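A.B. asks: make a model of this:
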Amino acid sequence: MHPDQDHELRQKLRSWIERNPLKLEADQQTLEREACRLARGLGREGLMGYAIPRPYGGARETVQARDLCIIREELASFAALADVMFGVQALGSHPIVIAGTEEQKKKYLPPLARAETIAAFALTEPEAGSDASAISTRATRVSGGYALNGSKHFISNAGIAQTYVVFASTEPGAKAKGISAFIVEADSPGFSVKEKTRLLSPHPIGVLAFDDCFVPQGQLLGTEGAGLKVALQTLDTLRCTVGACAVGFARRALEEAIAYARRRQQFGRAIAEFQGIQFKLAEMAADLEASRVLVYQAARTHDRREPDLAVKSSMAKLFATEAAQRIVDQALQIHGGSGVVSGHIMERLYRDVRALRIYEGTSEIQKLLIARELLK
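C.D. replies: Purely as a prediction, here's the structure:
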């Protein structure tokens, strides 16, 4: 992307953020309303369209990882919930982008681009987290389609999404090669949201249940047995954007720490004048810059279709999310007691940043993926 286009996209985001102050979430119902409000607003502004190709209502001819990273960095700097709504919309849309039939793309992608409908990506199960091949949700052939039985846990947008991409086993004996992907609509018979889960950081998430849930044949995504490949391709693309979210949190934390250190007086002078504080700020800035370089390098690798996308994305997510945890922790330390007061920006960032080292592949899984590439 041209630097001018980068700047234009960032300015568009910052303008939208200024016009959409965050409404703090007091309970589950309010959280879900606010999540939907943010998603619809991003859709009206044309920002959700960056996750969809132009022929189906999107912003560009093809989905560019650099765009997604810029958007997630800016939204995370503003509010975790705004980032979640964009990130999960991209995650739930991308399997249809890469594996959908023309009919499926024309039906589902335009309303997702406008956020008239909200997406979800349903892969995780109680016994299938890091080991996605252990999926036990079953899809059995029936007249005209499939019957799904099982459950999914920790599914973002559970209960507010209208379009769910669900992964289920069509051939259990084949394990990873027997997993298929399906587009499941929220009003499908036999589909229900069993539970809403409260997290450390406000996030619409929950448990899905499938009880002979009927899915028409036309909503099989790709071919039988290709589901895990679709899931992993999606995660490879979106993984570097999790790093971009980490950059957004870390950037906001560093900005807050610098501003606080300049105004906070101790022993007759600003704490920014103390070498101990200066060293912390320097280390935070170096970590942040290294994170940014790795994230946008991974995005460029994706956009140029270079072969080492998977390892570059893993490195970006691993380093950026671990660094963000360190940066936010040090920024809170600089704030002292005020940083742990409920409702303070640092308290919010401290809660928001923790999940990044877990979802879309834990830090430990990223290390395994990187090591596997090194030892080939």
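
A.B. asks: do you know the pLDDT at the most centrally placed residue in the chain?
C.D. replies: For the chain, the residue whose C-alpha lies nearest the mean C-alpha position (CA atoms, centre = their mean) is Gly87; its distance is 3.7 Å. pLDDT recorded at Gly87 is 98.

A.B. asks: how many residues are close by Glu322?
C.D. replies: Neighbour count for Glu322, taken as other CB atoms under 10 Å: 17. No exception for glycine: its C-beta is placed from N, CA and C like everyone else's.

A.B. asks: what about stretch 273-283, average pLDDT?
C.D. replies: Per-residue confidence for stretch 273-283 averages out to 98 on the pLDDT scale.

A.B. asks: wait, I meant stretch 62-75
C.D. replies: The model assigns stretch 62-75 a mean pLDDT of 98.

A.B. asks: any buried residues in that stretch, and which?
C.D. replies: Within stretch 62-75, the residues that count as buried by 16 or more other CB atoms under 10 Å are 63-75.

A.B. asks: what's the answer for stretch 101-119, then?
C.D. replies: Within stretch 101-119, the residues that qualify as buried by neighbour count (16+ other CB under 10 Å) are 104-105, 107-115, 117-119.

A.B. asks: can you check stretch 262-269 too?
C.D. replies: Neighbour counts over stretch 262-269 (16+ other CB under 10 Å) mark Arg264 as buried.

A.B. asks: need the residues that contact that stretch.
C.D. replies: Ala270, Ile271, Ala272, Gly336 (CB atoms under 8 Å, 6 or more residues apart in numbering).

A.B. asks: for it, give the mean pLDDT please.
C.D. replies: Computed over stretch 262-269, the mean pLDDT rounds to 97.

A.B. asks: need phi/psi at Gly145.
C.D. replies: Main-chain torsions, Gly145, degrees, to the nearest 10: phi 170, psi -130.

A.B. asks: beta-bridge partners for it, please?
C.D. replies: Counting by DSSP bridges, Gly145 forms beta bridges with Val142, Pro216.

A.B. asks: that one reaches Gln219, doesn't it?
C.D. replies: Yes. Using CB atoms under 8 Å as the test, Gly145 is close enough to Gln219 to be in contact (7.2 Å).

A.B. asks: hmm, what's the outermost residue in the protein?
C.D. replies: Residue distances from the centre of the chain (CA atoms, centre = their mean) peak at Gly268, which lies 44.5 Å from the mean C-alpha position.

A.B. asks: longest helix in this structure, please.
C.D. replies: Longest helix in the chain by number of residues, with DSSP state H as the criterion: helix 227-263.

A.B. asks: sorry, back to before: now the residue farthest from the centre of the chain: how far from Glu195?
C.D. replies: 55 Å (CB to CB, to the nearest Å).

A.B. asks: from the buried residues of stretch 101-119, which two are the most distant?
C.D. replies: In those, two members sit farther apart than any others by CB to CB. They are Gln104 and Ala115, at 18.4 Å.

A.B. asks: ramachandran angles for Gln89?
C.D. replies: Listed backbone geometry of Gln89 is phi -60, psi -40, with angles given as degrees, to the nearest 10.

A.B. asks: same deal with Ile160?
C.D. replies: Taking degrees, to the nearest 10, you get phi -110, psi -10 for the backbone angles of Ile160.

A.B. asks: wait, what's in contact with it?
C.D. replies: Taking CB under 8 Å, 6+ apart as the definition of contact, the neighbours of Ile160 are Glu32, Ala35, Cys36, Ile118, Pro204.

A.B. asks: ok, the closest residue to the fourth one other than its chain neighbours - contacts?
C.D. replies: Taking CB to CB, 6 or more residues apart in numbering, and ignoring the residues beside it in sequence, Ile118 has Ala161 as its nearest neighbour in space, at 4.6 Å. With CB under 8 Å, 6+ apart as the criterion, the residues that contact Ala161 are Gly92, Thr117, Ile118, Ala119, Ala120, Ala186.

A.B. asks: in helices only, show me these.
C.D. replies: Gly92.

A.B. asks: burial check on Gly49, number of neighbours?
C.D. replies: That count, for Gly49 with other CB under 10 Å as the rule, works out to 24.

A.B. asks: Ser313 touches Thr241, doesn't it?
C.D. replies: No. Look at Ser313 against Thr241 with CB under 8 Å: they stay out of range, at 9.0 Å.

A.B. asks: of all the contacts of Ile160, which two lie farthest apart?
C.D. replies: Maximum pairwise distance among those (CB to CB): 10.3 Å, between Glu32 and Ile118.

A.B. asks: mind listing what Leu200 touches?
C.D. replies: Leu200 is in contact with Arg351, Arg354, Ala355, counting by CB under 8 Å, 6+ apart.

A.B. asks: what helix or strand does Leu42 sit in?
C.D. replies: Element membership for Leu42, per DSSP states H and E: helix 28-44.

A.B. asks: residues making contact with that helix?
C.D. replies: By CB under 8 Å, 6+ apart, the residues outside helix 28-44 that reach it are 16, 20, 22-23, 25, 48-49, 79, 81-82, 84-86, 89, 113-116, 118, 157, 159-160, 196, 198, 202-204.

A.B. asks: what do you get if the cut-off is 7 Å, keeping everything else the same?
C.D. replies: Judged by CB atoms under 7 Å, 6 or more residues apart in numbering, the contacts made with helix 28-44 from elsewhere in the structure are 20, 23, 25, 48, 81-82, 85-86, 89, 114-116, 118, 159-160, 196, 202, 204.

A.B. asks: related to what we said a few turns ago, JSON lines please, covering the buried residues of stretch 62-75 and showing distance to Ala331 and secondary structure.
C.D. replies: Formatted as JSON lines, the entries for the buried residues of stretch 62-75 read as follows, by distance: CB to CB, whole Å; DSSP: H, G, I helix; E, B strand; the rest coil:
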{"residue": "Val63", "distance to Ala331": "33", "secondary structure": "coil"}
{"residue": "Gln64", "distance to Ala331": "31", "secondary structure": "coil"}
{"residue": "Ala65", "distance to Ala331": "28", "secondary structure": "helix"}
{"residue": "Arg66", "distance to Ala331": "27", "secondary structure": "helix"}
{"residue": "Asp67", "distance to Ala331": "28", "secondary structure": "helix"}
{"residue": "Leu68", "distance to Ala331": "25", "secondary structure": "helix"}
{"residue": "Cys69", "distance to Ala331": "22", "secondary structure": "helix"}
{"residue": "Ile70", "distance to Ala331": "22", "secondary structure": "helix"}
{"residue": "Ile71", "distance to Ala331": "23", "secondary structure": "helix"}
{"residue": "Arg72", "distance to Ala331": "20", "secondary structure": "helix"}
{"residue": "Glu73", "distance to Ala331": "17", "secondary structure": "helix"}
{"residue": "Glu74", "distance to Ala331": "19", "secondary structure": "helix"}
{"residue": "Leu75", "distance to Ala331": "19", "secondary structure": "helix"}
